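Peer 1: give me a model of this one.
(one chain, ligands or ions: 1)
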Amino acid sequence: MDKLNIKVILASVRDGRFGDKPAKWIAETAKEVENFTVELLDLKDYPLPIFSEAISPAYVQGEYANPLVNRWAEKISSADGFIVVTPEYNHGYPSSLKNNIDYLYKEWNKKPIGFVGYGTTGGAFAVGQLRQVAIELQMAPIRMATHIVSPWNMVEKDGSLKLGALDHYANGAKKMLEQLKWWTKVLKNAREIK
Ligand SMILES: Cc1cc2nc3c(=O)[nH]c(=O)nc-3n(C[C@H](O)[C@H](O)[C@H](O)COP(=O)(O)O)c2cc1C
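Peer 2: Okay, the predicted model is just below:
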């Protein structure tokens, strides 16, 4: 079977963020899935200005004007499926993520997307909103998600992850990744149909 190219997107760009910990954890867990090739995309490496393009990305043909947008577009275009790791800010997902989502359109289309959320209620509000956005981008949000509850209890004073803090979520995450694999495989084949 062809390799399935999975991109893990780390949505938080805050100094001292918690997000890098679950992002690395889910990326490492995903690497254990047969046929998955996994890359972690940190939005800190794609600091796009507030979206103010004259033309909607849905209508852009060929290259984008900003070279950093082209770099971002190449990464998203090469993906077969996504795992977004998102915090919850004021019962939504962070604006850093929405901004980078809005810069592209066709690159997201017809691909599955799964979520790792974290917060008081495991980022449930943020993930719910992202599912709506995904549908508008012609994506397939998968049912299962990993919801990490009260992440602030999982870190040591120095900011590092407490040993075994995410173990409780490992089984659920593996089931989520199996669901993502099915959708990734099916949609990769289906994208060949014109
Ligand atoms: C602007 C802001 C708004 C927040 N709003 C929520 C919220 O609505 N629900 C929640 O569970 N946590 C909320 N939190 C707490 C975050 O879950 C917590 O700070 C978490 O560590 C943020 O993820 P990050 O460190 O990866 O950026 C908020 C944090 C910030 C900075």
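Peer 1: only C-alpha atoms for contact and neighbour calcs from this point on.
Peer 2: Fine.
Peer 1: get me the contact residues on the chain for the ligand.
Peer 2: By CA under 6 Å from any ligand atom, the residues of the chain that approach the ligand are 12, 14, 17-19, 87-91, 119-121, 123.
Peer 1: between those, which has the most around it?
Peer 2: Counting neighbours by other CA atoms under 10 Å, Pro87 leads the residues of the chain next to the ligand with 29 neighbours.
Peer 1: list the contacts of the closest residue to Ser78 other than its chain neighbours.
Peer 2: If the residues on either side of it in the chain are set aside, Ser78 comes closest to Asn5, at 7.2 Å by CA to CA, 6 or more residues apart in numbering. By CA atoms under 8 Å, 6 or more residues apart in numbering, Asn5 lies in contact with Phe36, Thr37, Val38, Ser78, Ala79, Asp80, Gly81.
Peer 1: restricted to helices, list the residues you listed.
Peer 2: Of the contacts of Asn5, the ones assigned to helices by DSSP state H are Ser78.
Peer 1: make CSV out of the contacts of Asn5 and add distance to Tyr103.
Peer 2: Formatted as CSV, the contacts of Asn5 follow (distance: CA to CA, whole Å):
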residue, distance to Tyr103
Phe36, 26
Thr37, 24
Val38, 22
Ser78, 16
Ala79, 16
Asp80, 18
Gly81, 18
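Peer 1: ok, the contacts of Asn5 vs the ligand, which is closest?
Peer 2: Lowest distance from the ligand to the contacts of Asn5 (CA to the nearest ligand atom) belongs to Val38, with 20.4 Å.
Peer 1: extract the C-alpha trace of stretch 182-191 and format it as PDB.
Peer 2: What follows is stretch 182-191, C-alpha atoms only, in PDB (Å, rounded to 0.1, in the frame of the first residue of the first chain):
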ATOM      1  CA  TRP A 182      -9.400   4.300   7.100                       C
ATOM      2  CA  TRP A 183     -10.600   7.700   5.900                       C
ATOM      3  CA  THR A 184      -7.100   8.600   4.700                       C
ATOM      4  CA  LYS A 185      -6.800   5.400   2.600                       C
ATOM      5  CA  VAL A 186     -10.300   5.700   1.200                       C
ATOM      6  CA  LEU A 187     -10.100   9.400   0.300                       C
ATOM      7  CA  LYS A 188      -6.600   9.100  -1.200                       C
ATOM      8  CA  ASN A 189      -8.000   6.500  -3.600                       C
ATOM      9  CA  ALA A 190     -11.200   8.500  -4.200                       C
ATOM     10  CA  ARG A 191      -9.200  11.700  -5.000                       C
END
